[in-house]
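S.K.: what's the 3D shape of this:
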Amino acid sequence: MGNIVVAIKQVFDTEAVIAISGGKISDQGVKLVVNPFDEFAIEEALKIKEAGGADEVTIVSVGGEKAPEAIRTALAMGADKGIHVDISSLGVIDEFVAAEYLAKAIATVPYDLVLAGRIAIDDGSSQVAVRAAEVLGIPSVSSILKLDIAGSTATVSREIDGGTETIEIPIPALFTAQKGLNEPRLPSMMGIMKAKKKDLTVLTPADLGVDATAKSNVLEYSLPPARAAGKKLTGEAADTAAELAKLLREEAKVI
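M.R.: So this is what the prediction gives:
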């Protein structure tokens, strides 16, 4: 097998405090990281290459001007080169457009296998990778926990309700990684130094020739209302039970 492509996304750190400004999510002062589920995909690609099952691992990310930081992290882990589809000029895009750009970028390099995380922790859509597979015209399986390659066939396992499903599928194919597939490594100091010299190609929407119109548009973000303080009822059991029933009916509106 020749080249493995890993699609990654840069997201807010899981401990970041979300702030809304003008109906939009502010990234001021927020630490950005590689989407945690994408780390499983990166690790699996590196394990396959280290076992002699691939020649090269290419990282592809569709994102804004800071996305190269995430790509460099993947390169520091051991990937060979990166491709950044810079959508800074577009602002926020939906899953349909992201998948179109991702697929076009993947198609610029030879590949036998495409890996990605099963879900991005910021939007939680679980759509972009499998949509990209449709654009590329290759089969896909989501949320895998085990991957074995033998010749031109991949055998994968994933959890389903009440058990495990094993699927055999021809490659090239796309798989999204679930927690439990492996344990992602941390970039070493040597890896960080080498990553600075590895190739990182920057593509623009114009370079890819994609004429994609978004299918959806987020008009505004808002934080949920602050949770009201709890109430403590005291007194005789019969009185408190009646008061509780009244509050549940008139305020909480759950009965």
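
S.K.: tell me where the model's unsure across the protein.
M.R.: For the chain, the stretches flagged by pLDDT under 70 are 1.

S.K.: centroid residue for it?
M.R.: Ala120 (3.2 Å; Cα atoms, centre = their mean).

S.K.: how close does that one sit to Ala51?
M.R.: Going from Ala120 to Ala51 by Cβ to Cβ, to the nearest Å gives 28 Å. (C-beta placed from N, C-alpha, C; glycine too.)

S.K.: residue contacts, Lys49?
M.R.: Ile4, Asp55, Glu56, Val57, Gly78 (Cβ atoms under 8 Å, 6 or more residues apart in numbering).

S.K.: quick one, strands of the chain?
M.R.: For the chain, applying DSSP state E gives strands covering 3-8, 10-12, 19-21, 24-26, 32-34, 56-63, 81-86, 113-117, 140-144, 146-150, 153-160, 163-170, 173-177, 200-203.

S.K.: can I get those in TSV including distance to Tyr101?
M.R.: What follows is the strands of the chain, written out as TSV (distance: least, Cβ to Cβ, whole Å):
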stretch	distance to Tyr101
strand 3-8	11
strand 10-12	15
strand 19-21	26
strand 24-26	21
strand 32-34	18
strand 56-63	5
strand 81-86	5
strand 113-117	14
strand 140-144	17
strand 146-150	26
strand 153-160	25
strand 163-170	25
strand 173-177	15
strand 200-203	8
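
S.K.: can you say which of these is nearest to Gly209?
M.R.: strand 200-203 (10.4 Å; Cβ to Cβ).

S.K.: I'd say the residue nearest to the centre of the chain and Val11 touch.
M.R.: Yes - in terms of Cβ atoms under 8 Å, Ala120 counts as a neighbour of Val11; the distance is 5.9 Å.

S.K.: what touches both of these two?
M.R.: Common neighbours of Ala120 and Val11 (criterion: Cβ under 8 Å, 6+ apart): Asn35.

S.K.: what's the closest non-adjacent residue to Ser157?
M.R.: With sequence-adjacent residues excluded and distances taken as Cβ to Cβ, 6 or more residues apart in numbering, Ser157 is closest to Lys146, at 4.1 Å.

S.K.: if you could redo that for Leu136, that was the one I meant.
M.R.: In space, Leu136 is closest to Ala103, 5.0 Å off (Cβ to Cβ, 6+ apart).

S.K.: the one you found: neighbour count?
M.R.: Counted with other Cβ atoms under 10 Å, residues neighbouring Ala103 total 26.
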